[in-house]
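Novice: Build me a structure from this.
(one chain, ligands or ions: 1)
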Amino acid sequence: MSLPFSFDEPLVTERLSLRLMNEGDVDAVHDWMSDPEVVRYQLYDVRDRATVAEKVAEYALASRLESNGDYVQPAIVVDGEVVGAIYFTLSSVDDLTAEIGWVLGRAHQGKGYAFEAASAMLSVAFGEMGLHRVYAELDPRNAASVALCLRLGMRREAHFVEHMMFKGEWADTGIYGLLAREWKP
Ligand SMILES: CC(C)(COP(=O)(O)OP(=O)(O)OC[C@H]1O[C@@H](n2cnc3c(N)ncnc32)[C@H](O)[C@@H]1OP(=O)(O)O)[C@@H](O)C(=O)NCCC(=O)NCCS
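Specialist: Numbers count the residues shown, from 1 in each chain. Next comes the predicted model:
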């Protein structure tokens, strides 16, 4: 097992890099966090710039995965532009399990960036971090997110029916999982 893990170096792929956020990213992050379409299935509602600045300051400091609940939220950067982010939370140290999530600004969707970024994160999760399982939780109505899970090789593990009050209505939750031995880089 290779925890704790420190997100010190950017992860670089063919078209993009994943790096920790900094205060210079506030406008780019505000671009998607203030977009009702992009936050439709996120747990939060649209955010104003001041709230985004607070959040980015928190994310910038979160770089170490050691205890349950520790997270990193690196920006997805393409040609120097922040286009989205990957959410990655260490859910259980004992069970070597993490949760992954993703977001792209509307102008940057449909280009395979989330797939490329999530693939890089999963490679590190099952490689350097030595994790056993990574899962994603989503609203099953979020077809783009479901498609991404399936593209990554994740299995549909659960579908909870109307188990949470979400933005004023009862909503379902889908869980998609992937084990280290199932991961095909
Ligand atoms: C979920 C989300 C990140 C998916 O983004 P996405 O761009 O559709 O995902 P991918 O990176 O896998 O890209 C796949 C799309 O890019 C296309 N594509 C274009 N060039 C590509 C390339 N070089 N490689 C791979 N795919 C490419 C694919 O054909 C596919 O398009 P399609 O859906 O029309 O078939 C995005 O919809 C989003 O940010 N939604 C709002 C936030 C959200 O709901 N997050 C999830 C909460 S659980």
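
Novice: Can you give the distance of the helix or strand hosting residue 122 from its chain's centre?
Specialist: Residue 122 is part of helix 113-126, with elements assigned from DSSP states H and E. Chain-centre distance of helix 113-126: 10 Å, with C-alpha atoms, centre = their mean, to the nearest Å.

Novice: Helix or strand next in line after it, which one?
Specialist: Going down the chain from helix 113-126, the next helix or strand is strand 133-138, by DSSP H and E.

Novice: now that next one and helix 113-126, what's the angle there?
Specialist: Angle, strand 133-138 to helix 113-126, by axes from the mean of the first three to the mean of the last three C-alpha atoms, to 10 degrees: 150 degrees.

Novice: what about strand 133-138, near the ligand?
Specialist: Yes. For strand 133-138 and the ligand, the contact criterion (C-beta under 6 Å from any ligand atom) is met by residue 138. Using the backbone N, CA and C atoms, a C-beta is placed for each residue, glycine as well.

Novice: so what's the residue in the chain that the ligand sits nearest to scoring on pLDDT?
Specialist: Per C-beta to the nearest ligand atom, residue 112 is where the chain lies closest to the ligand, at 2.3 Å. At residue 112, the predicted lDDT confidence score is 98.

Novice: Counting neighbours, what do you get for it?
Specialist: The local packing count at residue 112 equals 13, with neighbours defined by other C-beta atoms under 10 Å.
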